[in-house]
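Participant: need a structure here:
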Amino acid sequence: MPHLDGSSPPDPVTADDVAEAVRLGTAALRGALDADWSVPAGPLTWDCWETAEHLADDLFAYAAQLGPGQPPRDREVPFVWRRDRPGGPANVIFAERAAGPAGLVQVLEACGAMLAAVVRTTGPEVRAHHGFGAADPEGFAAMGVVETLVHLDDLARGLGVAWEPPAELCARALHRLFPDAPADTDRWPTLLWATGRADLPGRPRPTTWRWYGEPRG
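Facilitator: Prediction:
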């Protein structure tokens, strides 16, 4: 259905979008393999290594939620999450430290491939639990895209690499998960604004935020 201004809404978020976000993100990170990954990741209290592990874990967890023949509707699939240190992210996925940043990026790449594969092979009628609403495969794909794009921004700030994802990719993720986001602003700054990471002209960054994973309409 066209928007009120006559424009068409963005296309749905797909498995290809997940793969593209992860491909672009891992390419950026491979330009920083010699950097110090123990520094904070942008505004986060986690360091860059922990943040990349957390991102890999997010992608894995979204794939896992969709994976069972009857995905859970009221809880996460019961893996064991643990923290390496107090205040660190609670993960299932950890990278072997001896493999260095190159190994960590490979772990991220593998988890992204898992999510893309599960989204691609799961029917659109499937729903699975998420704290921000029971989501369909497109919703989990959009979550994976948002996690990748915004955590890459955190990592890029910490590691000193350039990062600006395609506006079209941001637009599809915004349309799917953030229905209240402004539509008349540049898409990448708007995604950062929607996730509490940037101001927009006339719109201070939100101090709390969420997305909406359940399908609309």
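
Participant: taking the centroid of this protein, which residue is nearest it?
Facilitator: The central residue of the chain, meaning the one whose C-alpha is nearest the mean C-alpha position (C-alpha atoms, centre = their mean), is residue 147 at 1.5 Å.

Participant: quickly find the element holding that one.
Facilitator: Counting by DSSP states H and E, the element that carries residue 147 is helix 137-159.

Participant: picking up where we left off before, ok, the residue nearest to the centre of the chain - contacts?
Facilitator: Contact partners of residue 147, counting by C-beta atoms under 8 Å, 6 or more residues apart in numbering, are 55, 58-59. Glycine gets a C-beta too; all of them are placed from N, C-alpha and C.

Participant: sorry, back to before: the next helix or strand after the helix holding residue 147 packs against which elements?
Facilitator: Next along the chain after helix 137-159, taking DSSP H and E as the criterion, comes helix 167-177. Counting contacts by 3 or more C-beta pairs under 8 Å, 6 or more residues apart in numbering; DSSP states H and E, helix 167-177 is packed against helix 15-30, helix 137-159, helix 187-194.

Participant: need the winner for burial among these.
Facilitator: Per residue and on average, the most neighbours among those fall to helix 137-159, with a mean of 25 (mean count of other C-beta atoms under 10 Å).

Participant: state the distance from residue 95 to residue 193.
Facilitator: For residue 95, the distance to residue 193 (C-beta to C-beta, to the nearest Å) stands at 31 Å.

Participant: cool, residue 9 as well?
Facilitator: Applying C-beta to C-beta, the value for residue 9 to residue 193 is 20 Å.

Participant: okay, now the unreliable bits of the protein?
Facilitator: For the chain, the stretches flagged by pLDDT under 70 are 1-7.
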